[in-house]
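S.K.: could you look at this predicted model? Sequence included:
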Amino acid sequence: MEIDDVKEKVEYGMRLLRDNDQDLFEVNVNERTITHKLAEYLQNQFTDYNVDCEYNRYEDTTKKLRSIKNRVLDITNLEDFEVKRLIWADKEAITIYPDIIIHTRRRSYNNLLVIEVKKSSSNIDKDFDISKIKELMEPPYNYKYGLFLMIDLENVRTNYEWFPK
C-alpha cells in the first residue's frame, strides 16, 4: 500500500473519531481510550490488516528496542512513572508497546504502519515516541511507515508527522 493511500485512510479515521467521539476530547480522557477508539475506525479502513493497540509482540517474542534504553537513561527529569518502570524492568532492552500498529499478526514481513499518539495536554516530550517510531521502521521490525499524531484537544486539530521509508 502506498503512503498516499495510508494517509487518506488514517486521516479519514481521525475525522470519524473527531465527528463521533468529540466527548472523549472534551473530558480529556486517557490517551489509551483515544487510541483504542481510533484503532476501531482504522480497522474498518485497513480490512486486509490487523489493527492493534499496545501490541508488544514480534512474531512469537516480545518487541524490544535496545537503542532507546540508552537515550532514555540520559533523560534526568523523567516524571512518567510507566517509562521509569519500563527502564528499570528491562536490563538489556526496553519492552515497548506502540500505541497503534497496522500489520499482519505473527508475520513480520507485513508491518505497514506504527502510530504513536500524544495529546496536546501531555507534558512528556515527543522525542521518545519519535525514537520508537524510527527504530520500529528498522530491522527486524521493518514497519513501512511511521506516524506521530499530536492531538490538540482545544482546537480540534491533529498534527500529522509522517515517517515513510
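M.R.: Now that the structure is in, tell me what you want to look at.

S.K.: which secondary structure elements does the helix or strand that contains V117 sit against?
M.R.: Using DSSP states H and E, V117 sits within strand 113-119. Helices and strands touching strand 113-119, by 3 or more C-beta pairs under 8 Å, 6 or more residues apart in numbering; DSSP states H and E, are helix 3-20, helix 31-45, strand 100-103, helix 127-136, strand 145-152. (Each C-beta comes from the backbone N, C-alpha and C, glycine too.)

S.K.: how far is the shortest one from where the chain is centred?
M.R.: Going by C-alpha atoms, centre = their mean, to the nearest Å, the spacing between the C-alpha centre of strand 100-103 and its chain's C-alpha centre is 8 Å.

S.K.: can you list the helices and strands that that strand packs against?
M.R.: In terms of contacts (3+ C-beta pairs under 8 Å, 6+ apart), strand 100-103 is packed against helix 31-45, strand 50-53, strand 113-119.

S.K.: parallel or antiparallel, list what pairs with the strand holding V117.
M.R.: Paired with strand 113-119 in the same sheet, following DSSP bridges, are strand 100-103 (antiparallel), strand 145-152 (parallel).

S.K.: that older thread, in CSV, list the helices and strands packed on strand 100-103 along with mean neighbour count, mean pLDDT and distance to D99.
M.R.: Listed next are these as CSV, based on neighbours: other C-beta atoms under 10 Å; pLDDT from 0 to 100; distance: least, C-beta to C-beta, whole Å:
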stretch, mean neighbour count, mean pLDDT, distance to D99
helix 31-45, 18, 95, 5
strand 50-53, 19, 95, 7
strand 113-119, 23, 95, 5
